[in-house]
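1. Have a look at this prediction, sequence included:
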Amino acid sequence: MPSIAILGCMWGDEAKAKIVDYLGSDADVVVRFQGGSNAGHTIVVDGKKYVFHTVPSGMLYEDTKCIIGAGVVIDPTRLVEEIRSLEAAGVDFGDRLYIDERAGVVLPLHQYLDKRNEEILNKGKIGTTGRGIGPTYADLTARLGIRLGDLAHKRYLKQRLKDLYLYHGVEITTADLNEQCDLLKENWEVLKKHCSNTLPILHEAKAQDLKIIFEGAQGSLLDRTWGSFPYVTSSNTMVDAIGTGSGFSARNVDEVIGIFKSYATRVGEGPFPTEIHGALADQIRKQGNEFGSTTGRPRRIGYFDAVMAAYTAKLNTLDGIALTLLDVLSGVEDIKICVGYEYKGKLLNTPPSHVLDLEKVKPAYLSFEGWEEDITGVRHKDDLPKNARLYLEAVEDLTEVPVRIVSVGKERHETFMC
Ligand code: IMP
């Protein structure tokens, strides 16, 4: 398929980058279209770990062009650091990284507001990554935000920066303002060679039927409209965001692959109906190394939630599922899948939209017998232990989407197609 969307379909951290990497060896273009450095995409190749935050993970393939689309928000200092550290790890950027000049800019002001809002307004309740993502998107929506292309216009940039501080009622001295402008200029010197109007690259790629991968960040349940609002991120994270975030209409995407973990995780606050605590949660957290790659926070753990999965499968019109971290469930005796929510005497098969209702639902479970075997060496569905196969088939039945890819380990090669 020439154009493929790879989307997290739960609360993020579904191992999207691993699947982008797996399908991306012959990709001509890999595109990020939303989110920012709140993402942490990890790829392990021959024991070496690469972590991407804003750079598309297709950068590992030398002939692949990578685009950071207009819908992404960029922290220039962090992006320059990320480029430098990937270069130090042997990634050759050449002239393959393209950043759209329309992309939003995350400023120190946004990180300050993000932290302040968490501490004061929300009493720390959303549990953001603290990367300034929400305030940056809010300012762009208010038409006051700064876009990457503004960095080329010194005087204009300074005035907009001043206006932004004024708008937020945050004081800034002339000296600090000058210092910020100088730092932005310094980063611009590194980034400007990558910055352009990226639309023609994508449209040309489509005209030539080249393989384009759209790499989602976060997950559908963190979508700012369809997720568990207000415990969400500030971008739209679903397939439709590809059009607004890259200029490549979602109508032209040929295949949509949704990534689901074989269990569920969530970082930050917010309702999580299938959350579990205690020994099993600890075992899964340890085996799955469930600690945030951006913040290092331990992730909350839960059973696979087929109510949420069927919901996001429909929202994204999934053609296939990539089921990841199946190996982590080896050794779990009794595995459960949530198949409905009990609420006010009814069994719901779709999540309620209000957070106060979602917080009160009680999951109804189906139980599955586990398997003991280490499955990291399995490369064909038929070679999975019978119970693992039954579990995988239950995911297909409950979401009504075929599982196309299974990931059974951290390494690039520990993956197979069904
Ligand atoms: P923000 O995106 O930093 O504003 O955080 C909003 C919510 O989204 C918080 O609960 C974060 O933990 C969560 N979040 C943001 N980015 C990611 C991600 O890449 N993976 C998982 N959760 C994320």
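-> Cool, got the structure.
2. Who are the contact partners of Ala250?
-> Counting by C-beta atoms under 8 Å, 6 or more residues apart in numbering, Ala250 touches Ala5, Val239, Asp240, Ala241, Ile242, Gly243. C-betas here are computed from N, CA, C, even on glycine.
3. what number of residues lie near the last one?
-> It refers to Gly243. Other residues near Gly243 come to 16 when the count uses other C-beta atoms under 10 Å.
4. Assumed it was part of a helix.
-> Yes - the assignment for Gly243 by DSSP: H, G, I helix; E, B strand; the rest coil puts it in a helix.
5. Please renumber the chain so that the first residue is 45 from this point on.
-> That works, and once the first residue is 45, the last one we named lands at Gly287.
6. For it, list the residues it contacts.
-> Each residue near Gly287 by C-beta under 8 Å, 6+ apart is listed here: Ser293, Ala294, Arg295.
7. Closest one of those residues to Gly115?
-> Of all those, Ala294 has the smallest distance to Gly115: 12.0 Å, by C-beta to C-beta.
8. measure that closest one to Asn280 for me?
-> 11 Å (C-beta to C-beta, to the nearest Å).
9. Compute the number of surrounding residues for Leu208.
-> So Leu208, with other C-beta under 10 Å, has 20 neighbours.
10. nearest residue to it other than its sequence neighbours?
-> Leaving aside its sequence neighbours, Leu208 sits nearest to Leu188 (C-beta to C-beta, 6 or more residues apart in numbering; 5.7 Å).
11. after the longest helix that the chain contains comes which helix or strand?
-> Secondary structure of the chain per DSSP state H: the longest helix is helix 218-235. Using DSSP states H and E, the helix or strand that follows helix 218-235 in sequence is strand 239-240.
12. lowest confidence element among the helices and strands of the protein?
-> Taking mean pLDDT, DSSP states H and E as the measure, the chain has strand 85-89 as its least confident helix or strand, at a mean of 87.
13. Do that one and the ligand come into contact?
-> No - taking C-beta under 6 Å from any ligand atom as the criterion, strand 85-89 and the ligand are apart, separated by no less than 8.0 Å.
14. again with stretch 64-76
-> No - on the criterion C-beta under 6 Å from any ligand atom, stretch 64-76 is out of touch with the ligand, staying 11.8 Å away.
15. neighbouring contacts of that stretch?
-> Here stretch 64-76 makes contact (C-beta under 8 Å, 6+ apart) with 48, 50, 85, 87, 89, 98-105, 107-113, 116, 245-246, 249, 254-259, 261, 286, 290, 292, 301, 449, 451, 456, 459.
16. next one: stretch 432-449
-> The contact list for stretch 432-449 (C-beta under 8 Å, 6+ apart) reads 63, 66-67, 301-302, 304, 306, 348, 350, 353-354, 357, 362-367, 370, 373, 379, 381, 383, 410, 412, 415, 419, 425-426, 428, 450, 459-462.
17. Quick one: classify the closest residue to the ligand within the stretch 245-394 of the chain as helix, strand or coil.
-> Closest residue of the stretch 245-394 of the chain to the ligand, C-beta to the nearest ligand atom: Gly312 (2.2 Å). Classification of Gly312 by three-state DSSP places it in coil.
18. and the closest residue in space to it that isn't next to it in sequence, what is it in contact with?
-> Leaving aside its sequence neighbours, Gly312 sits nearest to Gly171 (C-beta to C-beta, 6+ apart; 3.0 Å). Gly171 makes contact with Glu162, Tyr275, Val311, Gly312, Glu313, Gly314, Arg341, according to C-beta under 8 Å, 6+ apart.
19. For Gly171, give me the pLDDT.
-> On pLDDT, Gly171 comes in at 89.
20. With the one 5 residues further on instead?
-> pLDDT, the model's per-residue confidence, is 97 for Gly176.
21. Relative to Gly178, how far out is the closest residue to it other than its chain neighbours?
-> Once flanking residues are discounted, Gly176 sits nearest to His154: 3.3 Å by C-beta to C-beta, 6+ apart. Distance, His154 to Gly178, by C-beta to C-beta: 8 Å.
22. go on, Ser290?
-> Taken as C-beta to C-beta, the span from Ser290 to Gly178 is 21 Å.
23. Also Leu130?
-> Going from Leu130 to Gly178 by C-beta to C-beta gives 26 Å.
24. Next: Asn393.
-> 31 Å.
25. And for Asp378?
-> Counting by C-beta to C-beta - Asp378 and Gly178 are separated by 39 Å.
26. who's more crowded, those two?
-> Set Asp378 next to Gly178 and count neighbours by other C-beta under 10 Å: Gly178 wins out with 24 against 10.
27. before we move on, the earlier item: buried only: go through the contacts of Gly171 for me.
-> Buried by 16 or more other C-beta atoms under 10 Å: Glu162, Tyr275, Val311, Gly312, Glu313, Gly314, out of the contacts of Gly171.
28. count of neighbours near the closest residue to the ligand within the stretch 345-462 of the chain?
-> Nearest residue of the stretch 345-462 of the chain to the ligand (C-beta to the nearest ligand atom) works out as Val399 at 12.8 Å. Residues lying near Val399 (other C-beta under 10 Å) number 16.
29. That one against Pro315, yeah?
-> Yes - under the criterion of C-beta atoms under 8 Å, Val399 makes contact with Pro315 at 6.1 Å.
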